[in-house]
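Asks: show me how the following folds:
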Amino acid sequence: METEEVSLVPPPRRSGNRTKRVRGIIFLKDVAVLALTSFGGPQAHLAMMFRLLVDKRRYLTSAELVELTALCQIVPGPSSTQTITAIGFRLGGPNLAYLTLLVWMTPAVTFMTVFALSISYLDPSLVARLVQFVQPIAIGFVAYSAYKIAEKVIHTKTSVALMVSGAMLAYSFQLPAVLPLLLLAGGLITAFRYSKLPQIEQKQPLRVEWANFALWLGVLIAAAVLGHYTRWLPVRLFENFYRNGSLVFGGGQVLAPLLFAEFVEFKRYLTAPEFLSGLGLVQAMPGPNFSFASYIGTLAMRREDAGVSGQLLGALVASAGIFLPGTFLIFFLIRFWDQLKQYRVVKASLEGINAVSAGLVWAATFLLYHPLPDTPVNLILVASTFLLLLWNKIPSYVIIGAGLVAGILF
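Replies: Okay, here's the model as predicted:
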């Protein structure tokens, strides 16, 4: 009687899934590093993403990062947050993307909430001294980001013309709606050159998944209805910030004046000095500038006399309201973006979008410098930061840390 031979060797594990999980964990650690060390707003964040995510880790190419950034600038919301969550989506799908969003926003939101809770004990002059050198350093980061983008995407005379035109128009017309219109116009101009590109014979079918768009729109409508009929302040705060997050193009610099008009001048949830102190603090914080919403939400809940727990709830609903709209919208677009790029018209338009994107960052460099005193110290700090980043030997957080220490000492 023959007996069946039983193998005692266990079946091989699926090393692919394990490798993917390990890569996802490493990516989240890199996101945490960026969240704790990336100062200066979306353009400066992009420079650090180039250094860590592209040059060092090679999660994606420079062209892919520029393309994602341009795509995120077309839709409303915090562009650097949308960019990094979109990278997480490409590496590990929706689960990794939402974890990326949580890791990216948590440090800045926590810092700004703590500052809001202790705002009564902070000296505004101390805040001004603390950030006096960080601001010109941040502009150096922006200039470096503009240089890196131009180096990667400007290869034709048309690209040069679009970059210069985009920079001049963005500098002259400082309106939120101008930025996406310029990007779309740049893409439209180069789209007419599609016939010069090779044709793809077998295209993947274009399948649009409407779930995230429906989610964004549904939450917007539900929040508006509840915000209109309820008297509970946390619900109204969520509606206020969700609406602003759904309509604002251009990042934290555009968001700030809108929040000032609504929460200081109209609703008087906080005073102008409190608002300006928080705005100064968020410039010195790493991570997304949209974390300023948690600061306002924390101070707004003082009206409810709900104590620290109520203020923490205000920070939570404000953060969720400001970050969720842009996340829903970019997840809607990113799912069919690769299929959309197969069409020559779309692919040709990327040249113009990328060129205008470079011009917008150059414009931001000069626009952000204008509010600063035009002193030799500030000019030297901008130039020195730019050169140190080109040298690529000193970590970014060391440069920012030196600026913070200098602000305390001098």
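Asks: ok, Val317 - contacts?
Replies: Applying CB atoms under 8 Å, 6 or more residues apart in numbering to Val317 gives the contacts Pro234, Val235, Leu237, Phe238, Phe241, Gly297. Heads up, the C-betas are built off the backbone N, CA and C, glycines and all.
Asks: err, Ala306, not the other one
Replies: Here Ala306 is in contact with Leu313 (criterion: CB under 8 Å, 6+ apart).
Asks: next one: Thr298
Replies: Contacts of Thr298 by CB under 8 Å, 6+ apart are Met112, Thr113, Ala116, Leu117, Gln311, Leu312, Gly314, Ala315, Ala318.
Asks: for these, work out which two are farthest apart.
Replies: Leu117 and Ala318 (13.6 Å; CB to CB).
Asks: who has more neighbours out of these two?
Replies: Ala318 (32 against 16; other CB atoms under 10 Å).
Asks: the more buried one against Ser291, yeah?
Replies: No - counting by CB atoms under 8 Å, Ala318 stays clear of Ser291, with 9.5 Å between them.
Asks: what count of nearby residues applies to the closest residue to Phe89 other than its chain neighbours?
Replies: Counting by CB to CB, 6 or more residues apart in numbering, the nearest residue to Phe89 once its immediate chain neighbours are dropped is Ala97, at 3.8 Å. If you count neighbours by other CB under 10 Å, Ala97 ends up with 22.
Asks: which ones are touching Ala97?
Replies: Ala97 touches Thr85, Ala86, Gly88, Phe89, Phe331, counting by CB under 8 Å, 6+ apart.
Asks: if we go to 10 Å?
Replies: Ala97 makes contact with Ile84, Thr85, Ala86, Ile87, Gly88, Phe89, Arg90, Leu91, Thr327, Ile330, Phe331, Ile334 under the criterion CB atoms under 10 Å, 6 or more residues apart in numbering.
Asks: can you name the two of these that are farthest apart?
Replies: Leu91 and Thr327 (16.1 Å).
Asks: picking that back up, restricted to helices, list the contacts of Thr298.
Replies: Met112, Thr113, Ala116, Leu117, Gln311, Leu312, Gly314, Ala315, Ala318 (DSSP state H).
Asks: neighbour-wise, which of the residues you listed leads?
Replies: Highest neighbour count within those: Ala318, with 32 neighbours (other CB under 10 Å).
Asks: find the nearest non-adjacent residue to that residue, please.
Replies: Per CB to CB, 6+ apart, closest to Ala318 is Gly297, 2.7 Å.
Asks: any idea how far that neighbour lies from Ile334?
Replies: Going from Gly297 to Ile334 by CB to CB, to the nearest Å gives 28 Å.
Asks: the two: who's more crowded?
Replies: Ranked by neighbour count (other CB under 10 Å), Gly297 and Ile334 place Gly297 first, with 33 against 20.
Asks: tell me which helix or strand of this structure sits lowest on mean pLDDT?
Replies: Lowest by mean pLDDT, DSSP states H and E among the helices and strands of the chain is helix 252-259, with a mean of 67.
Asks: and the next element down the chain from that helix?
Replies: Downstream of helix 252-259, the next assigned helix or strand under DSSP states H and E is helix 272-283.
Asks: and that following helix, what does it pack against?
Replies: The contact analysis (3 or more CB pairs under 10 Å, 6 or more residues apart in numbering; DSSP states H and E) places helix 272-283 against helix 79-117, helix 124-131, helix 134-153, helix 252-259, helix 292-300.
Asks: low pLDDT regions in the stretch 51-200 of the chain?
Replies: By pLDDT under 70, the low-scoring segments of the stretch 51-200 of the chain are 120-124, 127-128, 174-177, 198-200.
Asks: just the element for Ser384, please.
Replies: Using DSSP H and E, Ser384 falls in helix 376-391.
Asks: list the contacts of that helix.
Replies: By CB under 10 Å, 6+ apart, the list of residues contacting helix 376-391 reads 40, 44, 47-48, 50-51, 132-148, 365, 368-369, 372, 375, 394-396, 398-400, 402-403, 406, 410.
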